[in-house]
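Trainee: I'd like to go over a predicted model; first the sequence, then the structure.
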Amino acid sequence: DGGITQSPKYLFRKEGQNVTLSCEQNLNHDAMYWYRQDPGQGLRLIYYSQIVNDFQKGDIAEGYSVSREKKESFPLTVTSAQKNPTAFYLCASSPWGETQYFGPGTRLLVL
Amino acid sequence: KNEVEQSPQNLTAQEGEFITINCSYSVGISALHWLQQHPGGGIVSLFMLSSGKKKHGRLIATINIQEKHSSLHITASHPRDSAVYICAVLGTYKYIFGTGTRLKVLA
C-alpha cells in the first residue's frame, strides 16, 4: 500500500528531553513537510524539505530540528528548547508544489 | 486577520440536511484544498480545486477565483460526516490553512 506512516501515534515526553517523531513515505515524493496543530488554530508549517539532503525552516521552526538523509524519511526532533511542545504533529509529502498527502499524525504530550 | 477564513466555526445539523461550509482567502493561490479530519486526527484529502466545481458522491466543492471564495457542500448529511473540515490554499509551495469547521450531524 502506498502512503505515509507516522509513529508512534501517541508519545509522552518528560520536560527537558528530546524526542524524535518518525515519518516515512513510499509515494516516491520529493517533498516532505512537518506541521503542528494546536486547538483552535490552523496547521502551521515547522520544516519542509524539497529534496533529499535539503530542508528549510517553516513558520515555527524554533525548538525543532529535522534531517532528510533518505527520500522516504523525514524525522522531526522536538528539542528541549521547544517551550510548548504538547501538540498534534502531522507529516505530509508531495511532488514539489502539488497536492500534499498527510500521514495519520502523532500526538505528543509533555509530562 | 487570517489569510484563510472559514465559516461557520461550528455547525450542528440533523441527518439529511444540506450543509454548506465557506472559505474565503486573501492571498494569491495556485489551488485550494478541502480536507477532512476525523476525531482520531488523521487527515483525508477531499478535493483539490483551481477553478469551477467538483463532485464526489454527496460532496460538492466550488471555487470562485475572482471573489477568492470556495464552498464545500454536503447533500443528505449523515452522522458519519461528523468531522472537522479544513480549507487550505496552496501558494508557490506552501499551504495556508483555515482553522477548520467542526461539523456534527445528529441522527
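Mentor: Good, I have the coordinates. Numbers count the residues shown, from 1 in each chain, chains lettered A, B, ... in the order given.
Trainee: for residue B:79, see how far away the nearest residue to residue B:91 once chain neighbours are set aside is.
Mentor: Using CB to CB, 6 or more residues apart in numbering or on different chains and skipping the chain neighbours, the partner closest in space to residue B:91 is residue B:29 (6.1 Å). Placement of C-beta: from N, CA and C, glycine included. Counting by CB to CB, to the nearest Å, the gap from residue B:29 to residue B:79 is 33 Å.
Trainee: how near is residue A:3 to residue B:93?
Mentor: The gap separating residue A:3 from residue B:93 is 22 Å, by CB to CB.
Trainee: the two: which is more packed in?
Mentor: Between residue A:3 and residue B:93, counting by other CB atoms under 10 Å in any protein chain shown, residue B:93 is the more crowded of the two (17 against 13).
Trainee: number of nearby residues for the residue nearest to residue B:91?
Mentor: Neighbour count for residue B:29, taken as other CB under 10 Å: 22.
Trainee: so what's it up against?
Mentor: For residue B:29, the contacting residues are B:89-91, by CB atoms under 8 Å, 6 or more residues apart in numbering or on different chains.
Trainee: most surrounded residue in these?
Mentor: residue B:89 (23 neighbours).
Trainee: okay, that one: pLDDT?
Mentor: Note on residue B:89: pLDDT of 93.
Trainee: all strands for the chain, in order.
Mentor: You didn't say which chain, so I picked chain A. Ranges of strands in chain A, per DSSP state E, are A:4-7, A:10-13, A:19-25, A:31-37, A:44-51, A:54-57, A:64-66, A:76-78, A:87-94, A:101-102, A:106-110.
Trainee: the chain in question should be chain B.
Mentor: B:4-7, B:10-14, B:19-25, B:31-37, B:43-49, B:52-56, B:59-64, B:69-74, B:83-90, B:95-97, B:101-106.
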